[in-house]
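[1] With the sequence up front, the predicted model follows.
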4 protein chains.
Amino acid sequence: MLKVGVIGASGYSGEQLLKLLLAHPRVTLAAVTSRSQAGKPLSQVVPFLRGQDRGLAFVDSDAAALAASDIDLFFLALPHGAAAEFAKALVPAGKRVIDLSADFRIADLATYEKYYGNHHAPELLPGARFVLPELAPPSWKTEAKLIAAPGCYPTSILTPLLPLVRAGNIISLKHIVANSYSGVSGAGKKAQEMYLYVERAESIKAYGLVKHRHLAEIEEQLSLGAGGSPIAIQFNPHLAPMRRGIATTITVPAAPGATIDALYAEWKSVYDGRPFVQILPTGETPDTAHVTGTNRVDMSAVLDERTGNFVITSVVDNLVKGASGQAVQIMNLWCGFDETAGLV
Amino acid sequence: MLKVGVIGASGYSGEQLLKLLLAHPRVTLAAVTSRSQAGKPLSQVVPFLRGQDRGLAFVDSDAAALAASDIDLFFLALPHGAAAEFAKALVPAGKRVIDLSADFRIADLATYEKYYGNHHAPELLPGARFVLPELAPPSWKTEAKLIAAPGCYPTSILTPLLPLVRAGNIISLKHIVANSYSGVSGAGKKAQEMYLYVERAESIKAYGLVKHRHLAEIEEQLSLGAGGSPIAIQFNPHLAPMRRGIATTITVPAAPGATIDALYAEWKSVYDGRPFVQILPTGETPDTAHVTGTNRVDMSAVLDERTGNFVITSVVDNLVKGASGQAVQIMNLWCGFDETAGLV
Amino acid sequence: MLKVGVIGASGYSGEQLLKLLLAHPRVTLAAVTSRSQAGKPLSQVVPFLRGQDRGLAFVDSDAAALAASDIDLFFLALPHGAAAEFAKALVPAGKRVIDLSADFRIADLATYEKYYGNHHAPELLPGARFVLPELAPPSWKTEAKLIAAPGCYPTSILTPLLPLVRAGNIISLKHIVANSYSGVSGAGKKAQEMYLYVERAESIKAYGLVKHRHLAEIEEQLSLGAGGSPIAIQFNPHLAPMRRGIATTITVPAAPGATIDALYAEWKSVYDGRPFVQILPTGETPDTAHVTGTNRVDMSAVLDERTGNFVITSVVDNLVKGASGQAVQIMNLWCGFDETAGLV
Amino acid sequence: MLKVGVIGASGYSGEQLLKLLLAHPRVTLAAVTSRSQAGKPLSQVVPFLRGQDRGLAFVDSDAAALAASDIDLFFLALPHGAAAEFAKALVPAGKRVIDLSADFRIADLATYEKYYGNHHAPELLPGARFVLPELAPPSWKTEAKLIAAPGCYPTSILTPLLPLVRAGNIISLKHIVANSYSGVSGAGKKAQEMYLYVERAESIKAYGLVKHRHLAEIEEQLSLGAGGSPIAIQFNPHLAPMRRGIATTITVPAAPGATIDALYAEWKSVYDGRPFVQILPTGETPDTAHVTGTNRVDMSAVLDERTGNFVITSVVDNLVKGASGQAVQIMNLWCGFDETAGLV
């Protein structure tokens, strides 16, 4: 059994990660830290875990002690900035680290700092890898010391879009429009008026226009996929009255002569046999409710002959494939476990 | 007091219309028909109306009898096709008719038939007017015999977009992408599995891609606004887990040199003083929950300097400004009442 | 037009009150105070009111200035304690005051202090009246200087129950069990973790067991109805995943020989002709969704022959009949307006 | 690996059962039948299962063929009546059968027929056992040929209440009132107007008063627990705006001298060490959202000194501990697997 630790586990992604790790057949959850909840049993803070927390309690976060422990792999479920601080202690100590924050998602330091401010551990960037498991070059498993798990919006956008950008002859690289609708857990567990039940029920609204932070990793990945030529997309995030789930709808002009069959052929060449990407036939559309609790991306596309656009739709559970499930999938692959261990 | 009748009032739009008319200070609700509910008191079918239905019951629909009655104005809350049949009896009898169906929204017969099949009363089309009250040429009040109230999606799209198309120098007429998210009442009161609570809660999904029927009236109006040059837009409708409301987000390239100030100036020139269109400052975004039960469109826009696109967001209550409230607003203006009578 | 003011209007009840008063045909809203929102236009804080706020802004609360103003009637939408402070300034100045807090709901000072702590204006209690309009002795209209509008739970419980207690021969006064389920707005607009969307969706839980504050007024009123013999009931409040609404289910043993017809006859003798109490036939059950936005109580009862219990169900909108609508109804009756003015 | 089959798997309980069995470490899902869905892949009907259905398709239900197959154990997820028909074929063939319908939950034939009409296989009743695993006498594992899994409401009521009835000196056996609030999936996947999203959102209403079918098994079990003296309770079921979950609140007079400590001691003597019953401290209350997807009952109690009543609250996921999860738990125990295998 692999010994794992979770640093900063009191938010919604952290809770989901605890659920997945406590039920995982190949790991032992050895430490769970939270500055604000230290001393409390897991199930007191995460009542879903009643009867399942094996007596574990939150402990305070002490980077040096964790670096000196016998824990093999750490998940960082911290805000950006704080994550880098822990990585600085753990990576040099030889620990495997999977970071759920933005700190190591962006290879280009200047881009990071434009969106997030000062980087707390730029020296770790060369050894870090952004790993969307279905799309990252396989060398990451041996090269990386530190893995950045992608964000929720980026996962829902890159999974359908990046293979098409890479293919080169299927879609236009201009006029890409991605509208995403996220369940409220995407905002984190924040006691703010705008996230109250009464405010969010029956409510859809756009927010974060026009420069949401997730653009940084989306556009860097797309640009890399296009051989380095910079791609800018229109990304419009929204809040929707759901607890979980992201529904993304992408409109992009088809490349001259490109067909819906060509698009599907490209997708299938990349995703056939991958358990966590499910491609629906053209004409069907995915549904956030069908992926709740799963690590899947469900997606489909249709060609609008009138406009010449492809309309691509994808759904994920923001807390699973969009965060903690993907982190577990990364661990599974990195550590040689079955890719689907502990996941559905 | 104006005597009004509602034909086909047992769906969600019909219910909303009954609420508005029963509380309206200038009208007497004189007849309410429903084939399926004939004989039942209004409040038995629409329990919201308990204590308010003034003893009214649904009656069966008899077009000839209604045409011979002393009722001044009829609202048709029927499926397309059925609406035209009633209009054929009522309009020649000199009744004012406001139709909430699609039958008279599209001036071009061929376009109508491409989306909806055979038209049941094409002879009435020349006398009919599509009236989005804030945008229709004012002559409709005297010319029209028959008013087509716009659909819910078209109202949410045309209100922000049509003035910009008409202006000519603010937006591109290509690459217009409109994503709309509708509450479930938009689908009508249909006992189908896909509209069950358990299926729709926590669920967002696209549907009707890529040729939703509302495109017919949206594109006809936009094309007329562009002086006749045909405009095709990408319209992506979705179902969202709300009872009511439509949130529309439109991405459109700015015309060369166009600024956000120019866009707002155009909007203000059209909408200043109009009670039911509220323009939010750039940077704020409207929220479906804020217009529930109102006849308003709330909208705003932002210019994305990175992409050169305007991102425009608008919200309506699909059953009020998107259907019954707008029909009442049309009646108010047509009959010389205060525009806001009986509406908020 | 009556000049009215609202003190402390930034919570959910206050918002609802503003909506009702701005649309009321007989009143002019002359002042709206809020310490936290002073200086902001109403519609900035309550976006529902965009286009309807007549240029009004929140002002800071200055009791002396309000007492000296030409405003005729004040609504206090404040926490208990704070309400008494304003009443102390306004009542002696001859203003009519309708208080939505608990400060003057309980005639017995000792009971008040057991549930709420020190009373800030006990000298006003003799002139105050607890007015559930359908049940209060009619003399209140001339005697009272200060009206306490009942709470939301008490309205849902007392409306069906108090007439039966008064009748004396229909129900047992022991073993009364009232379970109530409230929408989240009942908790007020509090930025606390437990009221977040993600926490409350898909969640029902009991709270406030076993001594919720509303018991004080419920039991005092029931005991007065029983001629002074003290009545204690089991009151179990719960939070339910709705924005609004209270559903109450009361189980109470039938008195020996009492029939369902006797119960209905009693209800009808009290409520016939009252627009805001709607009695459903035995066997039907009311639904919170049917009273949303209305000032109604819908209610029904059934006799369980197996157990000898009556099961009584009632529903209200906690923000309307349970708070602001009832306050407007009280104003209507107090000032000689039509009871239903501005209400549905 | 145990070979199992599911008969009638197209409803919500059936879907949940498929999820659990496909992920279960000790069983092979060998056959899944549905008359209405025969021929379709599982994941076409249950999109949650995309990528996980191992190529399985629904087959038509042929009792004789199933009896002759090499499948070891069958789950019946059928309406009552239909379940008995299948049991008649499978039990004599030596198959283990776990029935999720009401057909074998009630030992007394006359009671069954009063609530459900004619029994289709009364000859199987003597060999059948009603098994709430934490409360059934352990002999069921060897004696039974056919297990009736309890209903959702009964599980939420009997788990806290039956031990107290059995104890004899803790609660009164009169004046027991149980109010239950169920998510909409409890009604099954029925395309009826009353279960539409628009009807059920923001809606709580009582239904099935005063003789819900689940009373039959609740009262039979309680009466057996009381040594045969008949117990009648007031059971008030309600629909609540959730997909899943049941929240039950029970009010019962304390027996003379009984304390909250005595109640907790009794509970602990029965449930200590049982993974699927979690007892919360007095003063805390359970929450449906905390057990969603789990096989747990969370429960607590408080003594109201004012009324002399215990107020007991419990929550379950109606589709898991209230149906399919409990059926899997029964299988686990019956077949000698770990009780928690495949469950959380």
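    All right, it came through fine.
[2] Up against chain D, what does the stretch 1-150 of chain A have?
    Residues of the stretch 1-150 of chain A lying close to chain D by C-beta under 8 Å from any C-beta of the partner chain are A:19, A:23, A:47-48, A:50-52. Every C-beta, even on glycine, is put in place using the N, C-alpha and C of the backbone.
[3] Of those, which is the most crowded?
    Highest neighbour count within the residues of the stretch 1-150 of chain A next to chain D, by other C-beta atoms under 10 Å in any protein chain shown: A:Lys19, with 23 neighbours.
[4] Same question for it, what's its three-state structure.
    helix (DSSP: H, G, I helix; E, B strand; the rest coil).
[5] how close does it sit to D:Ser203?
    31 Å (C-beta to C-beta, to the nearest Å).
[6] go on, A:Gly257?
    Applying C-beta to C-beta to A:Gly257 and D:Ser203 gives a distance of 53 Å.
[7] Then A:Gln192?
    A:Gln192 is 28 Å from D:Ser203, by C-beta to C-beta.
[8] Please identify which of those two sits among more neighbours.
    D:Ser203 (25 against 11).
[9] quick one: contacts for the more buried one?
    If you count contacts by C-beta atoms under 8 Å, 6 or more residues apart in numbering or on different chains, D:Ser203 has them with C:242, C:245, C:287-289, D:239, D:241.
[10] can you narrow these to ones near chain A?
    Okay, of the contacts of D:Ser203 touching chain A (C-beta under 8 Å from any C-beta), that's C:Met242.
[11] Where neighbours are concerned, which of the contacts of D:Ser203 has the most?
    That'd be C:Gly245 among the contacts of D:Ser203, by other C-beta under 10 Å, with 31 neighbours.
[12] residues in contact with that residue?
    For C:Gly245, the contact set (C-beta under 8 Å, 6+ apart) comprises C:182-183, C:288-289, C:291-292, C:315-318, D:202-204.
[13] hmm, 6 Å instead?
    C:183, C:288, C:317 (C-beta atoms under 6 Å, 6 or more residues apart in numbering or on different chains).
[14] What about those, which are in helices?
    Taking DSSP state H, every one of these sits outside helices.
[15] give me the residue from the stretch 1-150 of chain A nearest chain C.
    The nearest approach of the stretch 1-150 of chain A to chain C comes at A:Tyr12, 6.7 Å away (C-beta to the nearest C-beta).
[16] show me the contacts for that residue.
    With contact set as C-beta under 6 Å, 6+ apart, A:Tyr12 has these partners: A:185, A:189, A:319.
[17] want to throw those residues into TSV with secondary structure, neighbour count and pLDDT?
    Putting these into TSV (DSSP: H, G, I helix; E, B strand; the rest coil; neighbours: other C-beta atoms under 10 Å in any protein chain shown; pLDDT from 0 to 100) gives the following:
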residue	secondary structure	neighbour count	pLDDT
A:Ser185	helix	28	97
A:Lys189	coil	16	94
A:Leu319	coil	29	98
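[18] any idea how far A:Ala31 is from B:Gly273?
    64 Å.
[19] do the same with A:Val297
    Taken as C-beta to C-beta, the span from A:Val297 to B:Gly273 is 48 Å.
[20] which one of these two has more residues nearby?
    A:Val297 (29 against 6).
[21] thought that one was touching A:Pro275?
    No: between A:Val297 and A:Pro275 there is no contact under C-beta atoms under 6 Å: 10.9 Å.
[22] and the stretch 151-300 of chain A, which of its residues are near chain B?
    A:175, A:177, A:179, A:181, A:202-206, A:209-210, A:232, A:234, A:236, A:240-242, A:247, A:249, A:251, A:285, A:287-289 (C-beta under 6 Å from any C-beta of the partner chain).
[23] Give me the buried subset of these.
    A:175, A:177, A:179, A:181, A:202-206, A:209-210, A:232, A:234, A:236, A:240-242, A:247, A:249, A:251, A:285, A:287-289 (16 or more other C-beta atoms under 10 Å in any protein chain shown).
[24] from those, which ones fall inside strands?
    A:177, A:179, A:181, A:205-206, A:234, A:236, A:247, A:249, A:251 (DSSP state E).
[25] What residues sit buried inside stretch A:60-67?
    So, applying 16+ other C-beta under 10 Å, buried residues of stretch A:60-67: A:61, A:63, A:66-67.
[26] now, which of those residues sits nearest B:Pro92?
    B:Pro92 lies nearest to A:Ser61 out of the buried residues of stretch A:60-67, by C-beta to C-beta, at 80.1 Å.
[27] Give me the spatial nearest neighbour of that closest one, chain neighbours excluded.
    Using C-beta to C-beta, 6 or more residues apart in numbering or on different chains and skipping residues adjacent in sequence, the residue nearest A:Ser61 is A:Thr33, 4.1 Å away.
[28] Kindly report the same for A:Ala121.
    A:Ala84 is the one closest to A:Ala121 (C-beta to C-beta, 6+ apart), at 3.9 Å.
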